[in-house]
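Participant: Next comes the sequence, and after it the predicted model I'd like to discuss.
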Amino acid sequence: QVQLVESGGGLVQAGGSLRLSCAASGRTFSSYAMGWFRQAPGKEREFVAGISRSGASRYYPDSVKGRFTISRDNAKNTVPLQMNSLKPEDTAVYYCAASKDVRVGVRTSIYEYDYWGQGTQVTVSS
């Protein structure tokens, strides 16, 4: 089992940047594919970035491609999400998630993830 704690959220103006971090407990962190999701009020939780167990593969939806970058440090058990050129529509609670799925590659569906953090609020003002 793994426990996830997000940090780094806050209030930023449109065009600004934020760096979120996800700290994971446990000694088997490298066996999990990792992802970031977000959920705005009244909307479904949506995938924003994913990274494979080794870190070799990453995937982003078009809505954030070119602006968000996910990485991982398997030695430190962390998964940062660098967010640049932020827009008001990026406002949401951001969640870190871990997947036990053993298939190679990135997991993009909410149903493929087994563990979730509590979330961190990101607010982008116009």
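Facilitator: Structure's in. What do you need?

Participant: who touches residue 114 in this structure?
Facilitator: By Cβ atoms under 8 Å, 6 or more residues apart in numbering, residue 114 lies in contact with 97, 98, 99, 100. Just so you know, the C-beta spots here come from the backbone N, C-alpha and C atoms, and that holds for glycine as well.

Participant: With residue 112 instead?
Facilitator: Counting by Cβ under 8 Å, 6+ apart, residue 112 has contacts 33, 99, 101.

Participant: and the gap between the residue nearest to the spatial centre of the chain and residue 82?
Facilitator: Most central in the chain under Cα atoms, centre = their mean is residue 36, positioned 2.0 Å from the mean C-alpha point. Separation of residue 36 from residue 82 (Cβ to Cβ, to the nearest Å): 11 Å.

Participant: Mutual contacts of those two, please.
Facilitator: Counting by Cβ under 8 Å, 6+ apart, the contacts common to residue 36 and residue 82 are 68, 70.

Participant: Wait, residue 19 touches residue 8, no?
Facilitator: Yes - using Cβ atoms under 8 Å, residue 19 is in contact with residue 8, at 5.5 Å.

Participant: Comparing the two, which shows the higher neighbour count?
Facilitator: Neighbour count, other Cβ atoms under 10 Å: between residue 19 and residue 8, residue 8 has more, with 16 against 12.

Participant: For the nearest residue to that one once chain neighbours are set aside, report the pLDDT, please.
Facilitator: Nearest non-adjacent residue to residue 8, counting by Cβ to Cβ, 6 or more residues apart in numbering: residue 20, 4.2 Å away. On the pLDDT scale, residue 20 is placed at 98.
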